[in-house]
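*Asks:* curious how this folds, go ahead:
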Amino acid sequence: MLVERGLQVMNVGAVGDAYAIAANYLRRTGAIPDSFVTNEPLVEIIVQLFHSGEFNKIRLANKAIATFEAQEAA
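*Replies:* Numbering: from 1, shown residues only. Reported below is the predicted structural model:
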């Protein structure tokens with residue numbers, strides 16, 4: 001993450017890769033529809049995790065999947 005003059009710049013690559021991994025898994029399990037539309041709740045979860053300090057794309061994806069599934073079950 002780059003910090004310059006109080007602005008945070010998001011690593012779009014890590015967030016995008018994490019979304020691709022998580023969305024692929026969730027589509028295969030049937031938790032989200034198989035479409036080209038971005039699942040906004042999943043993106044929000046990943047961005048929130050990223051801002052809380054998780055930068056590894058695999059851990060981001062795994063935590064996002066767990067959070068998404070927990071929210072859907074509730």
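*Asks:* spatially central residue for this structure, please.
*Replies:* Centroid-nearest residue in the chain, with C-alpha atoms, centre = their mean: residue 46, separated by 2.8 Å.
*Asks:* which pLDDT value goes with that one?
*Replies:* Listed pLDDT for residue 46 reads 96.
*Asks:* can you tell me which helix or strand it belongs to?
*Replies:* Using DSSP states H and E, residue 46 falls within helix 40-51.
*Asks:* what's the answer for residue 54, then?
*Replies:* Here residue 54 is assigned to no helix or strand, by DSSP H and E.
*Asks:* pretty sure it sits against residue 63.
*Replies:* Yes. Using C-beta atoms under 8 Å, residue 54 makes contact with residue 63 at a distance of 6.5 Å. Glycine gets a C-beta too; all of them are placed from N, C-alpha and C.
*Asks:* tell me what the helix or strand just after the helix holding residue 46 is packed against?
*Replies:* Using DSSP H and E, the helix or strand that directly follows helix 40-51 along the chain is helix 57-73. Secondary-structure packing of helix 57-73 (3 or more C-beta pairs under 8 Å, 6 or more residues apart in numbering; DSSP states H and E): helix 12-29, helix 40-51.
*Asks:* how about the first one: buried residues?
*Replies:* Applying a neighbour-count criterion of 16 or more other C-beta atoms under 10 Å, the buried positions in helix 12-29 are 14-15, 17-19, 21-23, 25-26.
*Asks:* same check, this time on the shortest one
*Replies:* For helix 40-51, burial by neighbour count (16+ other C-beta under 10 Å) applies to 42-43, 45-47, 49-50.
*Asks:* all good on my end, thank you.
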